[in-house]
Structure formats: C-alpha cells, structure tokens
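Trainee: I would like to see how this sequence folds:
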Amino acid sequence: MKTTFNSKSIAVLPFVNIGKPENEYFSDGISEEIINALTKIEGLKVTARTSSFFYKNKQLDARHIGNELGVETLLEGSVRIINERVRISSQLIRTDNGFHMWSERFDRDLSDIFELQDEISLLIADKIRENFGHFDVQEHLVDAPTKNIEAYKLLLKARELRMRWNSKDVKEAITYLDQSITLDPSYADAYLEKGWCVGMLASWGYLEREPGLEEANRYIDIGLKLNPDSAMGHYVKATISFWGYWNYKDTYEHLHKSIAINPNLSEVRDALADCYSGMGRIDDALATNELALRINPLSANLHFTKGNMVYFKKDYKQAILLFDKALSLTSTFPLALEMKAAALILDGQKDTLWDFVQSTPQLERPKTYLAIFDLMHQKGSFNITDAELAQEREHSEVKNLRSWDLYLEVYKGHHENAMNILETRIAERSGQLFNFRNDPFLEPIRTYAKYQEIEDAVFKSFDLPELAVVSGKKVDSSPFTADQLKTYANAIEMVMRDDKRFTDPELGLKQLAADIDLHPNKLSWLLNNHFGKNFNDYINQYRIKEFQRLALAPENRNITLLGLAYDSGFNSKTVFNTFFKKETGMTPKQWVKANS
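Mentor: Numbers count the residues shown, from 1 in each chain. Below you'll find the model as predicted:
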C-alpha cells in the first residue's frame, strides 16, 4: 500500500526500551507523548499511534515505512532508565533517501521528563519546518500534567494495559490509576483514564450497567473540571455518552470540543464517524473516516469503520474487501470477522460463506449464519435444523457482537417477536444495535408501526444537533504590513550578504530570527511565502554561490571541493552534492570544469 505524501509530515516510531524489560511501558509512553505533542501543531501531519506502533520490533527501511504511511520524516530513538535518570537518544530521518537530518542524546533526571518531552518535540518541529515548509510552532507543546513522577509512571502503566482492550487488563489498569490519584489528587488525566476504564467495563457487562456508567461519568467530570481543555477528556466523555446512552447531542458537542482543541486525533474522528452513522448520515461518516485514515492509515479499526459505512450503503463486495483489510492488520479482530460474515450473507455468496465458516473457528454463531442465508435466499443449501441452532446457542460463549438471534427471528417471519427483542435491546442501549437505523437485516420489519415507534423513541427523545463535517483550511494570511514585509525582507538579505551568516553550519531558523529581531514563526512565513523557499533551501542557495566563488578563486586551487563546501557552510557531503545538482543540474566537479 502506498499512501499520499504530505511534505510536512512525521511518524514517531516506538522508542526502543534499553535495559530492564519492565520499563517497556515507559518507552512506549514517551513515544506516545511526543506524538500527542506534535499533533498540536496545525499544518503538520503526524501519524497516529496505532499506525506508528505497527512497526514496533520490526526492522524495516525508512523508505518502506515512509511509503506505507505517506510521511517525509521518521523519528526513532531509544529510552534507558538508570535509577532516577533517563537517557533518550533520538534521530530524525528523511524517508526519501534515509538521510539522518538530526540526532541528539539527552541525559536528564526523571523529574524533568515533561520538560524533555517538550524540548524534543520543539526541536523536531523546527527541523521539519526548516526542511519542508512553513507552519507556526507554539512556545511549548508539553505542559506538565502532574508534579509527581510516580503518579505519571503509574498512569503510563495503566494506559498500556487499557489499550489491550480486554476486561482483565482494564481491571488491572484501574488499580494503577487509583494509586496514581492517591499520589496526586489533582492529576486530571488519571481521573479521565479511570472513567474510561470503568465505562468500558460497564458497557461490556463486567459491571452493573447503570451504576457503572454513573461512576465512569463521575470520574470523567472530575478530570474535565481539573482540565477543561483536555482533548482526551472530551473524547472520553463523548464515548460514554454515545455507547452508554446513545445521546447523540452530547456526543457531538464533546467531540466537537475535542476536535477544536486538537484536530489531529484519529480516534476522535473515528468516534465522530460513528456518531454520524448512528444518525443515518453515512456520507458524512465516510468523509470523516477519510480524514482519520490520512492520519492513521494502518488502523484496523478505521478500515473496519469504513467497511461498515460501505456495508450500510449496500456495497457488500467493497465492504468485504475493507473488512479483509482490517483483518490483515489485526487477524483476530472479532467484529471484522462477524461483519464479513454478515456481508457474505447479504451478498448471497454461498460458497465463500461456507469456506469462511469452515476456516474461521472463532466465529460467534456459524450455523446461525448458514440458517439465515437459507432463509434470506431460499436456497435450502445448508439445511440447518432448529435443534442444531438451539445446541449452538446453548454451547456458544455469548459475545453479543452481532444480533444474530434477532436476525434469525426476522427471517423466520417471527416479526412480532423480533420487534420485542429489538425494543428490549435498544432500551438497554446494546452496543451491537447502535446502528440499527442502517442495518440491512432489519428491512423486512421497517414497515411496521411498532418499528417506527421504536426508532422514534431513540431519535425524537433528543434535541439532535444539525451536524456538519469539520473541514476547511485557514487562509494563511500575512503577519506583516507591506512596509514590514519590505523591511524584514531587506534585513534578512543584508544579514546573508554582509554578515555571511550562511557560513555557520549550525545556523537554524531560530538563530537567524534572533539576528533580525523577528519571531521564528514570522521568519518561517517570510521565507516560504515571500521568497518561496523553505529555510534550508534559502540558506543553501547562498552556500552554493559562495562555493562557486571560492572554487573559481585561484588561491583555492589546492583545496578540495569538499573542503570548499565546508567553508561555504555545508556540513554534509550528501546534502552538498544533492543540493548542488538540484540547483545547477551538474555535479560540483562538472560545474567547476565547465566554468574554469
């Protein structure tokens, strides 16, 4: 798969844990924190955690990863904890040629971890901006969420467990979060994470539903009171509102707040797609899903969500391809397996359905699928008996991923019973039916007045918002008046011409901005929008001219071309040769020969 490139783009690969295996959670946590920090920069595409972590423990070429993720740069590194010290080594790599643009090692006290995350994130942003084009960078990207480093480490452990998405680990995560809250009762993220975990367990049936959802909301509300500007907090609140209560209005409002705070979180876009689809707005859901996939192209869940939307549009063959894509990324994805079976039934693919059932032992209710197929298509192909269905229902582990018993009643013609099941489960806000408005299996009962009453009870009980896909690009207006533009343009050219600042190989955007007393964001805009060049191209054009002058001077005849390049401000043979050929169409040697 090759993804469309965005030149101002980065993927942060999971940092390698060096040292004790039990510190793996910390290196993963640092990687995620840097991802989250960089997502705050408008105009910088940052690959989401799911896609970046797809490459964990995989040794692949930077160009291969860049092609798959559609990014121009990769950040990789390592983390080592030694007593109360942390050592982080990191390097920024171009994906077009594997060139290391920047590398550095940091040794700090663990208590300085948030300042270090901020420093690394800002350095990375500067390097990308210098090489690929303008975007504004905030003064800080990471604020310390707690002053207690032990509370932070406990939260990272809990988050790693929560992201395994099973009840045992989520329960264990709560114990760590309780300890984190005890150590720092003002730690907003710990409350939000605990609310999320409790909400999961209540939704999955591992806690009594209503009291569980109430407890989840209580912790989330505490977290949001401590940090009203938490994008994650509003996302978690929306998740509980949606899956717990099917409250589309509150869901949308909190998702909108989350996107306004940070528009680059793919999981928030995914939740918004679910919100749209639950209301029957499938095209809006697809548009939102496409935005999320640009950020997170290797997310099984996003391909699954897209498959759902296509399925609701009754393009079952395309839906099957998308479910297969999700399964290629996560082979044991239960919902994708169930939805593939549903699409095969609806598309009438008898032989493929049979092969799928035979080769996939983890399916929830395989004989029920075959029975529904016969009832829908009047094929008599599988001849599953009621006794076999009863035995399967009795012996299967109830996962409730799809409403197969409901569908079976619909196609047996037991429509009154089917509507009673539907009404009961919707009253319970069963997650398997949140999309019942779009479910093609329910077509035979939609004409009944009772069905319409059931639907109205959900969608007329709320003051539903008029939703719109969040889109549009801000106009990149000039930060200068006409006179200021002329003044600063002259100032920068004078510094280049008279002071030859380009000969400093360590010169960066911030240093040059300080030379002419201008904010780095404004200098970046000036170079890219007025001179039409990014920082590096602008500086290197002066270095090329200086090299050409030096190379033709008789007194330099005995100095190597590479030595002259270094005297001109280049600090890399590769960069010098590449840029020279791009500017002149010749190698340095060819140019000197042609002009001597």
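Trainee: quick check: longest helix of the protein.
Mentor: As assigned by DSSP state H, the longest helix anywhere in the chain is helix 113-132.
Trainee: Dump that one to CSV, keeping only the CA atoms.
Mentor: In CSV, the C-alpha atoms belonging to helix 113-132 read as follows (Å, rounded to 0.1, in the frame of the first residue of the first chain):
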residue,chain,number,x,y,z
ILE,A,113,10.7,14.2,31.8
PHE,A,114,8.0,16.7,30.8
GLU,A,115,10.5,19.5,30.0
LEU,A,116,12.5,16.9,28.0
GLN,A,117,9.4,15.8,26.0
ASP,A,118,8.7,19.5,25.2
GLU,A,119,12.3,20.1,24.2
ILE,A,120,12.5,17.1,21.9
SER,A,121,9.1,17.9,20.3
LEU,A,122,10.1,21.5,19.6
LEU,A,123,13.4,20.5,18.1
ILE,A,124,11.7,18.1,15.8
ALA,A,125,9.1,20.6,14.7
ASP,A,126,11.9,23.1,14.0
LYS,A,127,13.8,20.6,11.8
ILE,A,128,10.8,19.7,9.8
ARG,A,129,9.8,23.3,9.3
GLU,A,130,13.3,24.2,8.2
ASN,A,131,13.4,21.4,5.6
PHE,A,132,9.8,21.2,4.3
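Trainee: Show me what that helix packs onto, helices and strands only.
Mentor: Under the contact criterion of 3 or more Cβ pairs under 8 Å, 6 or more residues apart in numbering; DSSP states H and E, helix 113-132 touches strand 6-12, helix 24-38, strand 71-82, strand 85-94, strand 100-109, helix 509-515, helix 535-552. Bear in mind the C-beta positions are built from the backbone N, C-alpha and C, glycine included.
Trainee: right, and the helix or strand after the first one?
Mentor: On the C-terminal side of strand 6-12, the closest following helix or strand by DSSP states H and E is strand 16-17.
Trainee: Equivalent analysis for the longest one, please.
Mentor: Using DSSP H and E, the helix or strand that follows helix 535-552 towards the C-terminus is helix 561-567.
Trainee: any idea which helix or strand comes after that next one?
Mentor: helix 573-584.
Trainee: Tell me where the stretch 301-450 of the chain is predicted with low confidence.
Mentor: Where the stretch 301-450 of the chain drops to pLDDT under 70, the residues are 397-400.
Trainee: ok so, going back, any buried residues in the longest helix of the chain, and which?
Mentor: Residues 113-114, 116-132 are the ones in helix 113-132 that count as buried (16 or more other Cβ atoms under 10 Å).
Trainee: The nearest residue to residue 177 once chain neighbours are set aside: neighbour count?
Mentor: Sequence neighbours aside, residue 194 is the residue nearest to residue 177 in space, at 4.2 Å (criterion: Cβ to Cβ, 6 or more residues apart in numbering). As a burial measure, residue 194 scores 27 neighbours (other Cβ atoms under 10 Å).
Trainee: Residue 194 and residue 180, how far apart?
Mentor: Noted for residue 194: a distance of 9 Å to residue 180, by Cβ to Cβ, to the nearest Å.
Trainee: swap in residue 486?
Mentor: Taking Cβ to Cβ as the criterion, residue 486 is separated from residue 180 by 55 Å.
Trainee: These two: who's more crowded?
Mentor: Ranked by neighbour count (other Cβ under 10 Å), residue 486 and residue 180 place residue 180 first, with 27 against 12.
Trainee: Buried residues of the one helix or strand the more buried one maps to, list them for me.
Mentor: Assessed by DSSP H and E, residue 180 sits inside helix 167-183. Neighbour counts over helix 167-183 (16+ other Cβ under 10 Å) mark 170-174, 176-177, 179-181, 183 as buried.
Trainee: Stretch 289-305 now?
Mentor: 289, 291-305.
Trainee: cool, and stretch 75-94?
Mentor: Quick answer for stretch 75-94 (16+ other Cβ under 10 Å): 75-81, 86, 88-90, 92-94.
Trainee: want to try JSON lines for those, with pLDDT as columns?
Mentor: Listed next are the buried residues of stretch 75-94 as JSON lines, based on pLDDT from 0 to 100:
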{"residue": "75", "pLDDT": "94"}
{"residue": "76", "pLDDT": "94"}
{"residue": "77", "pLDDT": "93"}
{"residue": "78", "pLDDT": "94"}
{"residue": "79", "pLDDT": "94"}
{"residue": "80", "pLDDT": "94"}
{"residue": "81", "pLDDT": "92"}
{"residue": "86", "pLDDT": "92"}
{"residue": "88", "pLDDT": "94"}
{"residue": "89", "pLDDT": "94"}
{"residue": "90", "pLDDT": "93"}
{"residue": "92", "pLDDT": "94"}
{"residue": "93", "pLDDT": "94"}
{"residue": "94", "pLDDT": "92"}
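Trainee: pLDDT averaged over stretch 537-553 - what is it?
Mentor: Averaged over stretch 537-553, pLDDT sits at 95.
Trainee: Distance from it to the middle of the chain?
Mentor: Centroid separation between stretch 537-553 and its chain, computed with Cα atoms, centre = their mean, to the nearest Å, is 42 Å.
Trainee: what does it contact?
Mentor: The contact list for stretch 537-553 (Cβ atoms under 8 Å, 6 or more residues apart in numbering) reads 496, 500, 502-503, 507, 512, 527, 531, 533, 556, 559, 561, 564-565, 567-570, 575-576, 579-580, 583-584, 588, 591-592, 595-596.
Trainee: Show me how to select, in PyMOL, the buried members of the residues you listed.
Mentor: Remark: buried members of these, expressed as a PyMOL selection using 16+ other Cβ under 10 Å:
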select buried, resi 496+502+503+507+512+527+561+564+565+568+569+570+575+576+579+580+588+591+592
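Trainee: burial measure for residue 460, as a count.
Mentor: 10.
Trainee: so who does the residue nearest to residue 177 touch?
Mentor: Contact analysis of residue 194 by Cβ under 8 Å, 6+ apart lists 174, 177-178, 181, 219.
Trainee: Could you chop the chain up by domain?
Mentor: The record assigns the chain these domain ranges, following automatic domain parsing: 6-132, 482-595.
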